[in-house]
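Enquirer: Build the 3D model from these lines:
(chains A, B, C and D)
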4 protein chains.
Amino acid sequence: MNKDLKVVVIGAGSSYTPELIEGLLLREGSLPIRELWLVDIEAGRWKAEIIYQLALRMVERAGHSMKVILTDDRETALKEADFVCSQFRAGGIESRVQDEAIAAKFGMIAQETNGIVGLANALRTIPIALDIARQMEKLCPEAWLLNFTNPSGMVTEAILQQTSIKTLGLCNVPVIMEQSVLKVLDTTADELFFQVAGLNHLIWARKIQYKGQDKMPYILERAITDNHLMLPRNIEAFDWSPILLRQLEMLPCAYLRYFYTSWDTKPKQTHDQDKPNRADVVKEIETKLFDIYKDPNLDVKPKELELRGGQYYSESACRLMNAIYNDTGEIMHVNTTNHGAINGLPIDCVVEVSSVIRASGAHPLRVEAFPQDTLRLIQTMKTFEQLTIEAAINGSVGLALRALTLNPIIESGSSLELALKEILEQNLDATPAFKRDDINRLGGVKE
Amino acid sequence: MNKDLKVVVIGAGSSYTPELIEGLLLREGSLPIRELWLVDIEAGRWKAEIIYQLALRMVERAGHSMKVILTDDRETALKEADFVCSQFRAGGIESRVQDEAIAAKFGMIAQETNGIVGLANALRTIPIALDIARQMEKLCPEAWLLNFTNPSGMVTEAILQQTSIKTLGLCNVPVIMEQSVLKVLDTTADELFFQVAGLNHLIWARKIQYKGQDKMPYILERAITDNHLMLPRNIEAFDWSPILLRQLEMLPCAYLRYFYTSWDTKPKQTHDQDKPNRADVVKEIETKLFDIYKDPNLDVKPKELELRGGQYYSESACRLMNAIYNDTGEIMHVNTTNHGAINGLPIDCVVEVSSVIRASGAHPLRVEAFPQDTLRLIQTMKTFEQLTIEAAINGSVGLALRALTLNPIIESGSSLELALKEILEQNLDATPAFKRDDINRLGGVKE
Amino acid sequence: MNKDLKVVVIGAGSSYTPELIEGLLLREGSLPIRELWLVDIEAGRWKAEIIYQLALRMVERAGHSMKVILTDDRETALKEADFVCSQFRAGGIESRVQDEAIAAKFGMIAQETNGIVGLANALRTIPIALDIARQMEKLCPEAWLLNFTNPSGMVTEAILQQTSIKTLGLCNVPVIMEQSVLKVLDTTADELFFQVAGLNHLIWARKIQYKGQDKMPYILERAITDNHLMLPRNIEAFDWSPILLRQLEMLPCAYLRYFYTSWDTKPKQTHDQDKPNRADVVKEIETKLFDIYKDPNLDVKPKELELRGGQYYSESACRLMNAIYNDTGEIMHVNTTNHGAINGLPIDCVVEVSSVIRASGAHPLRVEAFPQDTLRLIQTMKTFEQLTIEAAINGSVGLALRALTLNPIIESGSSLELALKEILEQNLDATPAFKRDDINRLGGVKE
Amino acid sequence: MNKDLKVVVIGAGSSYTPELIEGLLLREGSLPIRELWLVDIEAGRWKAEIIYQLALRMVERAGHSMKVILTDDRETALKEADFVCSQFRAGGIESRVQDEAIAAKFGMIAQETNGIVGLANALRTIPIALDIARQMEKLCPEAWLLNFTNPSGMVTEAILQQTSIKTLGLCNVPVIMEQSVLKVLDTTADELFFQVAGLNHLIWARKIQYKGQDKMPYILERAITDNHLMLPRNIEAFDWSPILLRQLEMLPCAYLRYFYTSWDTKPKQTHDQDKPNRADVVKEIETKLFDIYKDPNLDVKPKELELRGGQYYSESACRLMNAIYNDTGEIMHVNTTNHGAINGLPIDCVVEVSSVIRASGAHPLRVEAFPQDTLRLIQTMKTFEQLTIEAAINGSVGLALRALTLNPIIESGSSLELALKEILEQNLDATPAFKRDDINRLGGVKE
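Expert: Numbers count the residues shown, from 1 in each chain, chains lettered A, B, ... in the order given. Here you go, the predicted model:
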């Protein structure tokens, strides 16, 4: 692999793209990029255009020789690509706003990945992700697909299950955890052995070792007293239960609050409906960001981008691209095929685990046995994911209902059926596999 | 085993005892009982006395030669016993009333076995059950312990794990399911192959075959349209989701409503707090029953007993005693060691499964693989049970909290800690393994 | 199922058939057979004709109304059949003679099922068995196929894996074990709980209980001192190692001598080559039997049949047919799908296990965990079987070599390749899936 | 860890020790060794003395400041040690000579680890290794034990199972494989991703990737045509079966010849008994080596040492010590706790796997599923190892016999019992846990 690289970004109109471009520019010495293709659909054109202009300015300022091309013709873009970065958002931020509203209306936890909003997102996203991967099978079968489209774990699993495309899923959650720990320990990455394991948005730090010493107990106590130190920007401060955290002996990712403190995180029916959901907040931040991006004098990544939850996302993508291209053997936290890394999960499912990255991809470290209750939670959520993937591919209302019924942060029963009905009706255009007749059966108990 | 039998009933003051006595009398020909010892503690003395007098009248009327002895001296009673029937209720009905009140106050599902009320019951009951089994190890090491003290599955597992006593756990839930199916199919037990599997109060009918024909689809449709036909007396009529039941392709036991329709079964905060809980209802029925039992002219089991939820309980105990004593090889549904009957559960945990009963005990039929989501639910609840057992034995607040946090019908977080705190404070006298200091730590988030 | 039955026997020219007919005649009251079709190929015509004439005389003498038909037209015979008994021997006794000669020449254990002779038999038999099952899919899709064609376990697994036909595999090995134990304990089947588990020709008695008492230790001591009491007719007397048997705490079937005393059972190169193999002995017995069968005055099963190894074979087939037809629920030892009965084996492989027989088929008792070394042996031999089945279906020389290399009673290396080469050349006509070119590659180390 | 290191070598009289010393001297910059303690027992005193003198000369020539101490007082040596290298040979080379002679006499494969000679070695070695580890628990509980005493896998497992000492087992087999592959590909370690997995002396290369390209097919073809390129010095040239190697799609280690070509590797009874065994050859080489070591002018590791099979052994030990001390994160192939690295093996057994080495020890890469037949072989040999370890600890003749009966390269039966009897009698002094009475029972079939 000594040739110049063609890199394609799908969903280039994302507000994260400037970070990605910055990362590529910074790695000029090790990643010889010839062409950077920015792809977005018509609906996102205006944003993509802003990003494109900013990209041109950033490339020029950096004095990089790569060519930047903006297009909505995915086929041309993918032809003979080397790396494809997928970061599209199916249905845009509007769909997320609508899904979260339905969830809130039914008093359900309205979070992007693990609950009913995550299911809706998966139903919309998986078919598109599969389309892209199938196009890649024809146009660039050897290319790597670096996926950071959410729900990243499910999307990666669907692609690996249904196509022959090499793909790794990325998420910034483990990166934020590691960065927080580095800050708390006041050290650098090479002095820390930091191993995570679990599923996307459902991970635990399994090892936190500084020069061979176990720092887990210390970090847990810090997480109990100063939890805000360890949270991503997009998660409100909250407290862990000291008893639970000491029992656990593992640092949970912030999304585990939905499982460990579900009572406290659920919208309180009466007053919370008027409070904006995370989707609304995100929408507002995005509007502001694009205003900044438009500034013709701006030719670097602006600081304001760091307010978005996705910090480190694009940095991870660049680091991963570099690790693969240069066969570095560094350890990264990625979504990849289990093949026994986590015992007790299906051999061919996708897990999020610390892995040695070589040119051939991810080689996970094996994960020591989880405590039995944690394993049950992971197994349950993996089954939720697998039922959801199957529902998305086959348009099965029954499987979607089973997935949600199993999910421990969701209450089952007639209200759930009604909520699912609204979600499916709302997303009907984006999920052609689903049939209106099947949806109509939801919520009817007797017949 | 050609000798006369000594049978001991622990918790003889139960309102179910007349059914048990009736069952023994009816089996005079096959079960040669010499002595029937009725044991109860001082607190239940007045009830036990009523039962004892009724028993004397019933035995006399039946013309049976067995001697009936009432005592609160468990040691004398257990000496050289052949069968011990355990049906005591730790803390009496009052404790259940109090536990259910706390659950209702916190808006939690207030049911006897799978939720926080079940946990409280287990914490109270397991230490006593272990005391009995350890006494048996000395006084009647070869005797069979037939346990129908709730939570039957956890109690059976604790005894098998901690002692050398042979025990089988009984529950009327599978019996009621089978009887209902027989009624719906208008047939008799010998023409039906009916196999159940799961955990106590968490079972599914896995096979319903009439002369080799699969009747599951027919029964499921009947369960959708006429569910009341299949419910035990102590469970209010409710409807299954047709979509879910058809997806499942297995008949769930009534307690699964708490998992399949949790939304609908949870007490509605506003008005349900005034509604009597099941424990209150049971208390009222019991009072009436003992009034009837007192009648000096009553010398048979009265019809009113059938209003209690436990119908078939004592009948099952008699049938099981007979199957063991006479090595019959009939199939019964019992709680016994898994040893691989249900794949995906620990080898040495206790499961509730259809088994061939021989003089050596239960020989379960192997269970075909459960659908993945059902398996996850069973695994999760088994882990809930095992954490609960360990908490009960070691007095561990942390394990009790982990058990409840994992339980999918219970919401986690600060309210849960407060609810558990109240439950543990309430039961402190009955659970000496727990320390007040540990309990006090519950509910405090930061320290 | 209240109709008269059509029963078909494939390989009717077997010397065992009179026992089968006797069994059917004895069950006149419970098995209402209308027609008995005797099917054999042209090559076995003369034997089938003798059997047919004897059958006519036996039916007449018994006064049974069933019609007996002899044919080589399998299609007509199978049409609307209710039970099909498969007992053909692919290639006839001659093929077995030849296979065993090659095995002996290379100093290999020459036994019918677990070694290279068993592999050769499987390669010849499985394609024919699949042909029959596929014909049944068209002509009698609801019929039961009772298979006692060897290797019974592999044949049953191949049929269940590749077709939709309901089938159970039978073997007389567990029946002989149980009968021997009954004789030694001087009791009858209803007083004994006798559970076996393993693979065909690789089973152990797991439970030997008489009225609830564990008789395993006693039986093992008897097996150590008087082993001849427990052997089938076709296995020469040999001694078990007392140390090994006491370690094992399970009664092994006689075929396990090949694994537990391989040194002693292997033909001694120098003098054993002249000794007749089992196949030669069988051939001689068969010739004598058919002379007897020809006697026009013979109208019952002759005593001499009991000298053949297969005693109880046909009796088991009749008993199984009756148990299915009449939904009896009795326990029999059959080859059926594992579905978790033996933990540590694939979910969908075939195992030989004690099972409750209902109209819907076999419902195995779950098997307690095997000692680790025994489990490893079972797992290894199951993998041998599965590689063999795949080799038979795909004509793969490489898989056949892998199967034998794994098999612990076979030495691997260049001589093995030469032995396999001869076996495959010898059987080339009967195994059309294998290609001569692939066979020729065997034995060449470098190229 | 910024302090000077105390390193202890147990079995310092080994002919490998000069390589170890050379390795330590070469790492002066990264491994600040203060004291090097050479420990050996009285019987090996003369060899240890020669090594000691050579060590003094080597250290002086290198100008290293470390102090070298020779002692037979293990207690003083172990006190506050940082690293302990265990390389003793229980019973010395003489015991191996005798064991191999018995094996040859019975026509058994006479190799040091996997067969009866390996079992004998384990029975002698494990008790001593446990003594050392228990001494370390008192004298240097935080020290690392780097074990290259054979059988390395079993010794490591015994120590991890029975003590709290941190230990890793080393073997040169994977190192030789990797070095051979580097030579064949004409590349360097940093460009190759080379992953092995299995058990000690039973491993396969699972990944051979050069810059992301799969080189396995190429290496396998080279192994077929030029196998001598890939063998350790102590293994005679032999050929792999091309069919088998292409089926396997993994590069087997040289010891797998005993499993893949057992026929060809077994001593031919007639003429091989006079041929010297490997042990005799080793003995001769050693005598020559010590003659060279004595030379007062020698002050570096002599070239002749490379003729011994153990090349790379001591180099690996030094590299591992460095990786731990400096927390390097490099990948090495070590014996460590499985914890799910290889699926299908016990969670707490020891496996030989490629691992990231940090200051906290080995973090194995997870291993993709083995082909089913290979897995069965690994599982079987692990059970052989575990029975052997248990036999060694408890002095159980029955378990030793079971271990050997299971082992597929060993024929079972009466001759095996006689061979084991001789082995145990021969080693009786070195294995005090075994009782003469139990040994005497071997070989007696009836009693």
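Enquirer: For D:Ala223, see how far away the residue of the stretch 251-400 of chain A found nearest chain D is.
Expert: Using C-beta to the nearest C-beta, A:Ala359 is the residue of the stretch 251-400 of chain A that sits closest to chain D, at 2.7 Å. Quick note: C-beta positions are derived from backbone N, CA and C, even for glycine. Applying C-beta to C-beta, to the nearest Å, the value for A:Ala359 to D:Ala223 is 23 Å.
Enquirer: who's more crowded, the two?
Expert: Counted by other C-beta atoms under 10 Å in any protein chain shown, A:Ala359 and D:Ala223 do not tie: D:Ala223 has more neighbours, with 23 against 20.
Enquirer: Is the more buried one part of a helix or strand, or is it coil?
Expert: Three-state call for D:Ala223 (DSSP: H, G, I helix; E, B strand; the rest coil): helix.
Enquirer: got a list of what it touches?
Expert: With contacts defined as C-beta atoms under 8 Å, 6 or more residues apart in numbering or on different chains, the neighbours of D:Ala223 are D:Leu229, D:Met230, D:Trp240, D:Leu245, D:Leu251.
Enquirer: Correct me if wrong, but the first one is in a strand.
Expert: Just to be clear, that refers to D:Leu229. No - D:Leu229 is assigned helix when assessed by three-state DSSP, not a strand.
Enquirer: which element follows the helix or strand harbouring A:Asn121 toward the C-terminus?
Expert: Using DSSP states H and E, A:Asn121 falls within helix A:116-139. Later in the chain than helix A:116-139, the nearest helix or strand by DSSP H and E is strand A:144-147.
Enquirer: Tell me the first helix or strand C-terminal of that next one.
Expert: Using DSSP H and E, the helix or strand that follows strand A:144-147 in sequence is helix A:152-162.
Enquirer: In the stretch 51-200 of chain A, what residue comes closest to chain C?
Expert: Nearest residue of the stretch 51-200 of chain A to chain C: A:Gln161, at 20.1 Å (C-beta to the nearest C-beta).
Enquirer: isn't that residue right up against A:Pro346?
Expert: No - if you go by C-beta atoms under 8 Å, A:Gln161 and A:Pro346 don't touch, sitting 10.6 Å apart.
Enquirer: what's the domain layout of chain A?
Expert: A:5-169+A:282-307, A:372-440 (automatic domain parsing).
Enquirer: Any chance of these in JSON lines with mean neighbour count as columns?
Expert: What follows is the domains of chain A, written out as JSON lines (neighbours: other C-beta atoms under 10 Å in any protein chain shown):
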{"stretch": "domain A:5-169+A:282-307", "mean neighbour count": "20"}
{"stretch": "domain A:372-440", "mean neighbour count": "21"}
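Enquirer: With distance to B:Ser152 and mean pLDDT as extra columns, can I get these in JSON lines?
Expert: Below are those laid out as JSON lines (distance: least, C-beta to C-beta, whole Å; pLDDT from 0 to 100):
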{"stretch": "domain A:5-169+A:282-307", "distance to B:Ser152": "34", "mean pLDDT": "93"}
{"stretch": "domain A:372-440", "distance to B:Ser152": "22", "mean pLDDT": "96"}
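Enquirer: and A:Val300, how far is that from A:Ile224?
Expert: According to C-beta to C-beta, A:Val300 stands 39 Å off from A:Ile224.
Enquirer: Listing request: residues of the stretch 151-300 of chain A with sub-threshold pLDDT.
Expert: Low-confidence segments of the stretch 151-300 of chain A (pLDDT under 70): A:233-235, A:266-277.
Enquirer: so where do the helices sit in it?
Expert: Applying DSSP state H, counting those that start in this stretch to the stretch 151-300 of chain A gives helices spanning A:152-162, A:173-185, A:216-225, A:242-248, A:257-260, A:262-265, A:269-272, A:278-294.
Enquirer: contacts for the first one?
Expert: The reference is to helix A:152-162. Contacts of helix A:152-162 (C-beta under 8 Å, 6+ apart): A:86, A:122, A:125-126, A:129-130, A:133, A:145, A:147, A:149, A:165, A:167-171, A:199-201, A:335-337, A:348-352, A:385-386, A:388-389, A:392-393.
Enquirer: Mind doing that once more with 6 Å?
Expert: With contact meaning C-beta atoms under 6 Å, 6 or more residues apart in numbering or on different chains, helix A:152-162 is reached by A:122, A:125-126, A:129-130, A:133, A:147, A:149, A:165, A:167, A:169, A:171, A:199-200, A:335, A:337, A:350, A:385, A:389.
Enquirer: Thank you, goodbye.
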